[in-house]
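Q: for reference, the sequence and a predicted model appear below.
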Amino acid sequence: MSARIIHLVDDENIIHDIFRRIFREPEYQLIVSENKSQAKSNHHPGVDVVIMDLMIPGTSGIEIFTMLKKDDPDIRCIFLTAYGTIESAIEAIKLGAVDYLQKPFNNVEIKHKIERILKERNMNKENIQLKKMLDQRFSFKNIIGKSPALDRVLSNVESVANTNSTVLITGDSGTGKELIAKAIYRNSNRRDKPFFSFNSSNIPPTLFESILFGYKKGAFTGAYADKKGIFEEAHTGTLFLDEIANLDNDTQTKILRVLQEKEIQPLGGNKTVKVDVRIIVATNVDLKEKVQTNEFREDLYYRLNIINIHLPPLKERKEDIPLLAEHFLQKYALENNKTIVGMDTKFMKCLMDYNWPGNIRELENAIIRSVLLSPSDMLTADLLPEEILGAGRREAKKGNFYERLDELKRELILEALRDNDNIQKNAARELGLKATTLSELMKRLNIK
Ligand SMILES: Nc1ncnc2c1ncn2[C@@H]1O[C@H](COP(=O)(O)OP(=O)(O)OP(=O)(O)O)[C@@H](O)[C@H]1O
Ligand SMILES: [Mg+2]
C-alpha cells in the first residue's frame, strides 16, 4: 500500500516534532503547514487526514478548514484544541470535522484516532472501487460476488432478462433465488410494470387457487364481492412463484393452462380472462425427482424448465465469502449506527473454513449478530456462533502430524512453566525432563 498522507496545520514546532516522531516514512507521509497560505498551497485531495490546530495566529483553524473543504469536500479533519476551547471544537464538528483532540494529548490516543480514520477512508475507497467494478460488469446492484460460478449465473440473468421466457431458478435454501428473480425483473423490459410474488410455503393450500386466479362474488361462502387474483393483478408484468414444488395437483394444472393458453378463469366464473404475465419460478427441491414420484406434473415441469438458472451453494464459491461478509458488515453497521471498521483474521478464517449449510442467509445472520454484539470497532471470532467458530478450530487442527505434536509440546511446556513461576529447573522436573533437554526444546519451539 502507498504511504498514508497526513497534513498537519499547526504553528508550534514542538507539535511538529511529536508528529514527525509518531508518523514516519515509509508508512506515512507528513506534510506540515504553519499558516493559512501554506495550508492552502500544501493541501491536495490525496491527503488522507488533516490535523488542524484551532488557534493559528492571524486566523483560525476553522477558517482554514472551511477554505480547504471548498476544494476537497471529502476532507477528514481532526482538530487540536487547548484546554477551554472545547466549544470551538464542537463548532468544528458541526462544520464537518470528524474528531478533536485536547492538548496535551498522548501519542497512543492520537495514533489510534488517526488509524481509525485511515481505516475508514481505506474501506470507503475499496467500496467505491468494488461498486464501480460491479456496476460496470453488470447493472445488478446489491448482488455481491466475483466467483466464476456467480459470474455464470449473472451472465445467464443478463441474457434471459429481456426475453419473455419462463425461468426456473434452482438452488439450496438461502443461495439467493429470490434476489436473482428480482434481478431478472429489474433488468427486463417489464421493469416499469408490476412485480408480484407468491410464496406457496406461507399460504394454506386451500387458498392457492383463489389467491392466484381470483373469484367471483358468491363463488364460496364468504366471497362477498369479486376479487382479482394475482395473475390478473400482474397483467403486463412479472409474477414470481416461489417454492413451486409445494403446489397441489389442481393448482399445477391451472398454472399449466395459463402458460399454454395465456388465460385464467376466476373461481365461480364462467368467463376466461386473457393475461400477459412473465413467470419466474423457484424451488429448492429436485423437481425431476418430484416428477418421478408423481408429485409434480411432468408437462408442467417441461413447460417451466425452459431456462434453468442454478445457484450453487456458498461452499462451492468460497471466494465470495470475504466480499459478502464485508458487504453485510457495512450494511448492518450503518443500519445500527455502529462504527465497525473490519474483521480480524481469525474471524475471517472461521468464515472461510465453515461449510454454510444455510448459505448466504446464514452468513448474513452471522454478520448481523456479530455487528450487534461487537463491543469494539473490530469483529472478532468470539462473536461467532459456536458451530462456525468450531469449524475454524477443526480446520486449524488439520495440520501435519509433527506440527501438531510440536503444538502439544509447546502447550505442555508453557503450562509447566506457569505452574512453576517460570523457573525452568522446576518445570523440567515436573515434566520429567532433564533441564538441558527442556532448554533445547524451548529454543527449538521458540518459547521465551
Ligand atoms: N450474491 C448476493 N449478494 C448479496 N446478498 C445476497 C446474495 N445472495 C443472497 N443474498 C442475500 O441472502 C439472503 C437470502 O437470499 P434469498 O432470499 O434470495 O435466498 P433464497 O434462495 O430465496 O432462500 P430460500 O430458499 O431460503 O427462500 C437475502 O437476504 C439476500 O439478499
Ligand atoms: Mg426464497
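A: Yep, that arrived. Ligands and ions are numbered 1, 2, ... in the order given.

Q: N284 reaches D172, doesn't it?
A: Yes: when contacts are counted by Cβ atoms under 8 Å, N284 is listed as touching D172 (5.6 Å). All C-beta spots, glycine's among them, are computed from the backbone N, C-alpha and C.

Q: so how far is P312 from the residue of the stretch 101-250 of the chain found nearest ligand 1?
A: Per Cβ to the nearest ligand atom, the residue of the stretch 101-250 of the chain with the smallest distance to ligand 1 is G176, at 2.9 Å. Per Cβ to Cβ, to the nearest Å, G176 is found 10 Å from P312.

Q: compare the two (neighbour count), which wins?
A: Per other Cβ atoms under 10 Å, whichever of G176 and P312 has more neighbours is G176, with 21 against 17.

Q: now do the buried residues in the helix or strand containing K254.
A: Using DSSP states H and E, K254 sits in helix 249-261. Within helix 249-261, the residues scored as buried using 16 or more other Cβ atoms under 10 Å are T251, Q252, K254, I255, L256, R257, V258, L259.

Q: do stretch 170-180 as well
A: Those would be T170, G171, D172, G174, T175, G176, K177, E178, I180, for stretch 170-180 by 16+ other Cβ under 10 Å.

Q: just those residues: which are in helices?
A: In helices, defined here by DSSP state H, the members of those are K177, E178, I180.

Q: now the residues you listed as a markdown table including distance to V291?
A: Converted to a markdown table, those look like this (distance: Cβ to Cβ, whole Å):
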| residue | distance to V291 |
| --- | --- |
| K177 | 20 |
| E178 | 24 |
| I180 | 23 |
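
Q: quick one: contacts for the closest residue to I86 other than its chain neighbours?
A: Using Cβ to Cβ, 6 or more residues apart in numbering and skipping residues adjacent in sequence, the residue nearest I86 is Q102, 7.3 Å away. Taking Cβ atoms under 8 Å, 6 or more residues apart in numbering, we find Q102 in contact with L80, T81, A82, Y83, I86, A89.

Q: same question for L267.
A: Residues near L267 by Cβ under 8 Å, 6+ apart: E209, S210, F213, G214, Y215, K216, A219, F220, A223.

Q: filter the residues you listed down to the ones in helices?
A: Among these, DSSP H puts E209, S210, F213 in helices.

Q: type out the ChimeraX command that picks the buried ones from those residues.
A: To isolate the buried ones among the ones in helices among the contacts of L267 in ChimeraX, judged by 16+ other Cβ under 10 Å, type:
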select :209,210,213
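
Q: excluding chain neighbours, what is closest to D320?
A: Closest to D320 by Cβ to Cβ, 6+ apart is G145, at 3.7 Å.

Q: get me the contact residues on the chain for ligand 1.
A: Contact residues, the chain versus ligand 1 (Cβ under 6 Å from any ligand atom): 142-145, 171, 173-179, 284, 324, 360-361, 364.

Q: if you set the cut-off to 5 Å instead, what comes out?
A: Neighbours of ligand 1 within the chain, by Cβ under 5 Å from any ligand atom: 143-145, 173-179, 284, 360-361.

Q: the residue of the stretch 201-350 of the chain found nearest ligand 1 - nearest residue in space that isn't next to it in sequence?
A: Nearest residue of the stretch 201-350 of the chain to ligand 1, counting by Cβ to the nearest ligand atom: N284, 4.6 Å away. Of all residues not flanking N284 in the chain, S173 sits nearest, at 5.0 Å (Cβ to Cβ, 6+ apart).

Q: so who does that neighbour touch?
A: By Cβ under 8 Å, 6+ apart, S173 lies in contact with N284, G358, N359, R361.

Q: you'd agree the last one is up against D172?
A: The one in question is R361. No: R361 is beyond contact range of D172, at 10.2 Å (criterion: Cβ under 8 Å).

Q: how close does Y100 get to E115?
A: Separation of Y100 from E115 (Cβ to Cβ): 16 Å.

Q: looking at these two, which is more packed in?
A: Y100 (22 against 13).

Q: which SS class is that one?
A: strand (DSSP: H, G, I helix; E, B strand; the rest coil).

Q: measure it to ligand 1 for me?
A: Separation of Y100 from ligand 1 (Cβ to the nearest ligand atom, to the nearest Å): 37 Å.

Q: which segments of this protein make up each domain?
A: Domain segmentation of the chain under automatic domain parsing yields 4-129, 148-312, 316-396, 401-444.

Q: can you put these in a markdown table and add mean pLDDT?
A: What follows is the domains of the chain, written out as a markdown table (pLDDT from 0 to 100):
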| stretch | mean pLDDT |
| --- | --- |
| domain 4-129 | 86 |
| domain 148-312 | 94 |
| domain 316-396 | 91 |
| domain 401-444 | 88 |
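
Q: quick check: neighbours shared by G176 and P312?
A: Counting by Cβ under 8 Å, 6+ apart, G176 and P312 have no shared contacts at all.

Q: what packs against the host helix or strand of V32?
A: V32 is part of strand 28-33, with elements assigned from DSSP H and E. Counting contacts by 3 or more Cβ pairs under 8 Å, 6 or more residues apart in numbering; DSSP states H and E, strand 28-33 packs against strand 4-9, helix 13-22, helix 36-42.

Q: how about TSV for these, with distance to E411 and mean neighbour count added?
A: What follows is these, written out as TSV (distance: least, Cβ to Cβ, whole Å; neighbours: other Cβ atoms under 10 Å):
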stretch	distance to E411	mean neighbour count
strand 4-9	39	22
helix 13-22	38	13
helix 36-42	54	15
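
Q: of all those, which one is nearest L417?
A: helix 13-22 (35.8 Å; Cβ to Cβ).

Q: which other residues reach that closest one?
A: Contacts for helix 13-22 (Cβ under 8 Å, 6+ apart): I6, L8, D10, L30, V32, I51, D53, L80, N107, I110, K111.

Q: restricting to C-alpha, output it in PDB.
A: What follows is helix 13-22, C-alpha atoms only, in PDB (Å, rounded to 0.1, in the frame of the first residue of the first chain):
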ATOM      1  CA  ASN A  13       7.500  23.400  16.400                       C
ATOM      2  CA  ILE A  14       7.000  21.100  19.400                       C
ATOM      3  CA  ILE A  15       3.800  19.700  17.800                       C
ATOM      4  CA  HIS A  16       5.600  19.200  14.500                       C
ATOM      5  CA  ASP A  17       8.300  17.200  16.300                       C
ATOM      6  CA  ILE A  18       5.800  15.000  18.100                       C
ATOM      7  CA  PHE A  19       4.000  14.100  14.800                       C
ATOM      8  CA  ARG A  20       7.300  13.500  13.000                       C
ATOM      9  CA  ARG A  21       8.200  11.000  15.600                       C
ATOM     10  CA  ILE A  22       4.900   9.100  15.500                       C
END
